[in-house]
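K.L.:
I would like to see how this sequence folds:
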Amino acid sequence: MKFMSVILFVILGLFTATSSFAYLETSHTIASTDQINLHLKHFQTQKPNQINRKHLILFIQGQSDATSVARHFLIDALESLNLDVVSYDVRGQGLSDGPRAHIDDFFDHLDDLSNVIHFVQNKLKYQHIHFVTHSTGGLIASLFASLQKQMLSEQSTLTMVAPYFALSGSQFQSMGIDLLTYALSLTPVKYWQAPKPGGKGQYLKEDGSMNNFTSDPEMFASHKHHPDKCGRPTFGWVQASLEAHRIIGEEAEQMTLPILMFTATNDQVVSTEEAKKFYAKWESTSKYNQYIEFGAPHQHGLIYEQRETRNKILNSIGGFIDQVTQTSQVARHHTDPDLLISMSSRALASLESEKPIEVKAITHKLIRKKSLNQSAIYPAILMFFPLLTMLYFRRKRSQVK
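P.N.:
Residues are numbered from 1 along each chain as shown. Prediction:
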């Protein structure tokens, strides 16, 4: 009998040692200002302490994605960083309401984010928000951090992975897309889906071996065919995002959050060069700012890359957050069980005296007015677009001759 007890103890010990990472997952639904239901997931570590109950990773997804699509990265972040994670589906994506893959005004995303932060700070009781974003999520978070920084604590941070500050392509192509989507956004066609990134390019390859998203075939297949994806953006969404690019260009100097930016040299979806320009504007705003660029074969979907790449990203995020929160050294287990990384823990003394942040409802009337006034020139430009196009091709023909 004693022998059997020993065997049972060994089996239970092996099961415990090899069991998966334990966490608590809860779902919430919050209403936007215009009564759009937003779906939110809250992932909580089972190793709580005084630090990770005040600091939170807030993940903001890219266009067409959903919390369920990026779940692998969120769980890895939860385990690696030992910080709770909240991810919400932006309107029109995942399980949130709203026209699929469409938005009329990009500032609706900022209003939604303010409601999410209000919920996180007042209901879930977190004080310090650490944004981790992918693609369009970087545009949303950088606009918010520039225009509504009073809602964020001094220990908040912003991590952007392959941020969307411009589409990949030439300046002439971008101008053409801008004018075309502006014209279409004035008609019912604005709800139609825009063409795929790269047209008939490598993104359409089924095996994932040749695509402009990720070098991981399994991740590519899982992402491409995930049932919660909302599909390609509408023409209206594209025009709204291009208008947001102009605004962040004007408001970039308002950014004060420490920034960690990841890009891919071969990104064929968004412009890495434009991301570099924005980082150059922000580089001197904080001594903790960092820029990391991945070379080939990495593509736009860095959070869907091979595990080694994802580990490097999470490694860097953990060290970045620890530097900002100014803490001491501690060993942390990474999502890869064979990899132990030395990072810093959180300082308790400086946080105990902090008071919860008071959050108030926000509006963007001044910025919206500025945005609309800026767009007033587009009808005039549109009138001359056929003439400009004719002159362009006439010049091309003359150069050939």
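K.L.:
List the buried residues in stretch 92-103.
P.N.:
Buried residues in stretch 92-103, defined by neighbour count with 16 or more other C-beta atoms under 10 Å: 92-103. (Glycine included, C-beta is placed from N, CA and C.)
K.L.:
possible to save those as JSON lines with secondary structure?
P.N.:
Formatted as JSON lines, the buried residues of stretch 92-103 follow (DSSP: H, G, I helix; E, B strand; the rest coil):
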{"residue": "Gly92", "secondary structure": "coil"}
{"residue": "Gln93", "secondary structure": "coil"}
{"residue": "Gly94", "secondary structure": "coil"}
{"residue": "Leu95", "secondary structure": "coil"}
{"residue": "Ser96", "secondary structure": "coil"}
{"residue": "Asp97", "secondary structure": "coil"}
{"residue": "Gly98", "secondary structure": "coil"}
{"residue": "Pro99", "secondary structure": "coil"}
{"residue": "Arg100", "secondary structure": "coil"}
{"residue": "Ala101", "secondary structure": "coil"}
{"residue": "His102", "secondary structure": "coil"}
{"residue": "Ile103", "secondary structure": "coil"}
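K.L.:
from those residues, which is closest to Met219?
P.N.:
Distance to Met219 across these (C-beta to C-beta) is lowest for Gly94, with 18.0 Å.
K.L.:
The closest residue to the closest one other than its chain neighbours: neighbour count?
P.N.:
In this structure, Gly94 finds its nearest non-sequential neighbour in Ala66, 2.9 Å apart by C-beta to C-beta, 6 or more residues apart in numbering. If you count neighbours by other C-beta atoms under 10 Å, Ala66 ends up with 23.
K.L.:
Renumber starting at 288 from here on
P.N.:
Will do, 288 is the new start, and the previous item becomes Ala353.
K.L.:
just checking, Ala353 touches Gly518?
P.N.:
No - applying C-beta atoms under 8 Å, one finds Ala353 not in contact with Gly518, separated by 11.4 Å.
K.L.:
Just confirm Asn402 contacts Asp321, I think it does.
P.N.:
No - with contact defined as C-beta under 8 Å, Asn402 does not count as touching Asp321 (10.5 Å).
K.L.:
those strands in the stretch 288-437 of the chain, which residues are they?
P.N.:
310-318, 324-332, 342-347, 371-375, 415-421 (DSSP state E, counting those that start in this stretch).
K.L.:
which strands and helices sit next to the shortest one?
P.N.:
What it means is strand 371-375. Under the contact definition 3 or more C-beta pairs under 8 Å, 6 or more residues apart in numbering; DSSP states H and E, strand 371-375 sits against strand 324-332, strand 342-347, helix 358-368, helix 394-409.
K.L.:
try 10 Å
P.N.:
strand 310-318, strand 324-332, strand 342-347, helix 358-368, helix 394-409, strand 415-421 (3 or more C-beta pairs under 10 Å, 6 or more residues apart in numbering; DSSP states H and E).
K.L.:
picking that back up, could the buried residues of stretch 379-390 be laid out in a markdown table, adding distance to Ile604 and pLDDT?
P.N.:
Converted to a markdown table, the buried residues of stretch 379-390 look like this (distance: C-beta to C-beta, whole Å; pLDDT from 0 to 100):
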| residue | distance to Ile604 | pLDDT |
| --- | --- | --- |
| Gly379 | 27 | 94 |
| Gln380 | 23 | 94 |
| Gly381 | 23 | 93 |
| Leu382 | 26 | 94 |
| Ser383 | 25 | 95 |
| Asp384 | 30 | 95 |
| Gly385 | 29 | 94 |
| Pro386 | 33 | 93 |
| Arg387 | 31 | 92 |
| Ala388 | 28 | 89 |
| His389 | 31 | 92 |
| Ile390 | 28 | 91 |
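K.L.:
ok, of these, which one's closest to Phe360?
P.N.:
For the buried residues of stretch 379-390, the nearest to Phe360 is Gly381 (14.6 Å; C-beta to C-beta).
K.L.:
what's near enough to touch that closest one?
P.N.:
Each residue near Gly381 by C-beta atoms under 10 Å, 6 or more residues apart in numbering is listed here: 325-326, 328, 348, 351-357, 374-375, 513, 515-517.
K.L.:
and it, backbone torsions?
P.N.:
The phi and psi values for Gly381, taken as degrees, to the nearest 10, are phi 60, psi -130.
K.L.:
Check the contact lists of Ala353 and Gly518 and give me the overlap.
P.N.:
Between them, Ala353 and Gly518 share the contacting residues Gln380, judged by C-beta under 10 Å, 6+ apart.
K.L.:
Under the pLDDT cut-off, which ranges of the protein? List them.
P.N.:
For the chain, the stretches with pLDDT under 70 are 288-308, 335-339, 457-460, 483-498, 614-688.
K.L.:
re the thing from before, compare the helices and strands packed on strand 371-375 and report which one is nearest to Leu601.
P.N.:
Comparing the helices and strands packed on strand 371-375 by C-beta to C-beta, helix 358-368 comes nearest, at 4.4 Å.
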